[in-house]
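Trainee: Quick check, what structure comes out for this input:
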Amino acid sequence: MSFKAFKTALACTLSAAMLLGAAACGTTDEATSGSGSSSSSSTTGYDVSGIKKDASIAAMLPDSVTKDGKLTVGMELTYAPAEFLKEDGKTPVGYDVDLSNALGKVFGLDTQIISASFDSIVPSVGSKYDLGITSLTITKERMDAVNFVSYYKAGATWVVKKGNPQKVDTSDLCGKKIAVQTGTVEEEDANKAAKQCKTDGKKTIEVLSSKLQTDAATNVVTGKADVFYADSPVAGYAISQTDGQLQALGKDEGSVKQGIAIAKNDDQTTKAVQKAVQKLMDDGTYMKILKHWGVQSGALDKAEINPTDLS
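Mentor: Sure thing, here's the model as predicted:
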């Protein structure tokens, strides 16, 4: 996708000073139906229309999920290439979107993506959404709140303006301004670093936390922040789409598993999702989706329920 197309697709979430106006977009509980069908768009998702319902797996789901014929998925749609909006500002695309659509096909349900702020998704799984699929890093703390089925593995990347004009050194971030997305593991890490700087009597770290991941990237481009910190696929995609304005700083850090979130007390749905994801892994659909978006380096070959090994 060209930089112009990327900017248009994210016009709703990036700074108005940089991009177009913010009409027709939102990130709070807006339902969209995912077809997975092909088009000529440069942000076309992988075509999952040929996936057939697996009756045995579908039968594992409880009536609470199947009764309305929909699989509702909570997702934060500013996290390209995992989940974001097409140039029309309305249509969700990305590898998490394709996977959600594929799961709906296996279950024989119509997938509906519900756009929401990242930090609201885990608490709402089981009430507002059947599943949360939004690049969620699996942590012990999150597993206290929801069940997870692992499906991907990603590290984290520091990103600065081209040439690193603020001389950011990840071994000593004291005195720097760090942009992160609210509710992420990266925000937790940045706050821990800030606390350590204070304990050590060094210059304070200013953590700029934004509801939208795209705002974190924009803060670096505009000079409001010195560096942003995000999952490696997201950071890499942002770098590739900003016309040479950003660059990675150092190597990716701490590769960990990401998972699909399911209500903690819903063992039926948890087991059904594990079976469905494993089916997509085994028949090759899962890898085709990841290759379509160029993120196959994070592929797993086994979907696990609440894995004990998170790395």
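
Trainee: same question for stretch 97-117, mean pLDDT?
Mentor: For stretch 97-117, the mean pLDDT works out to 97.

Trainee: Which residues belonging to that stretch are considered buried?
Mentor: 97-117 (16 or more other Cβ atoms under 10 Å). Where C-beta positions appear, they are placed from N, C-alpha and C, glycine not excepted.

Trainee: quick one: which of those sit in helices?
Mentor: Secondary structure from DSSP state H places 97-107 of the buried residues of stretch 97-117 in helices.

Trainee: So which other helices or strands are in contact with whichever strand or helix holds residue 216?
Mentor: Assigned by DSSP states H and E, residue 216 belongs to helix 213-221. Contacts defined by 3 or more Cβ pairs under 8 Å, 6 or more residues apart in numbering; DSSP states H and E place helix 213-221 against strand 146-161, strand 177-181, strand 206-210, strand 227-231, helix 232-240, strand 246-263.

Trainee: change it to 10 Å
Mentor: In terms of contacts (3 or more Cβ pairs under 10 Å, 6 or more residues apart in numbering; DSSP states H and E), helix 213-221 is packed against strand 146-161, strand 177-181, helix 185-199, strand 206-210, strand 227-231, helix 232-240, strand 246-263.

Trainee: So which of the ones you listed is nearest residue 62?
Mentor: Residue 62 lies closest, by Cβ to Cβ, to one member of the helices and strands packed on helix 213-221: strand 246-263, at 10.2 Å.

Trainee: Check the offset of the closest one from the chain's centre.
Mentor: 10 Å (Cα atoms, centre = their mean, to the nearest Å).

Trainee: List the strands paired with it, with their directions.
Mentor: Under the criterion DSSP bridges, strand 246-263 sits next to strand 131-137 (antiparallel), strand 146-161 (antiparallel) in its sheet.

Trainee: Let me know which of those is tucked in deepest.
Mentor: Stretch with highest mean neighbour count among those: strand 131-137 (a mean of 27; mean count of other Cβ atoms under 10 Å).

Trainee: got the CA positions of stretch 272-281 in PDB?
Mentor: Extracted C-alpha coordinates of stretch 272-281, given in PDB (Å, rounded to 0.1, in the frame of the first residue of the first chain):
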ATOM      1  CA  ALA A 272     -14.200 -24.900  20.400                       C
ATOM      2  CA  VAL A 273     -11.900 -22.000  19.500                       C
ATOM      3  CA  GLN A 274      -8.800 -24.100  20.200                       C
ATOM      4  CA  LYS A 275     -10.100 -26.900  17.900                       C
ATOM      5  CA  ALA A 276     -11.000 -24.300  15.200                       C
ATOM      6  CA  VAL A 277      -7.700 -22.500  15.300                       C
ATOM      7  CA  GLN A 278      -5.800 -25.800  15.200                       C
ATOM      8  CA  LYS A 279      -7.900 -26.900  12.200                       C
ATOM      9  CA  LEU A 280      -6.900 -23.700  10.400                       C
ATOM     10  CA  MET A 281      -3.300 -24.300  11.300                       C
END
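
Trainee: Much appreciated, bye for now.
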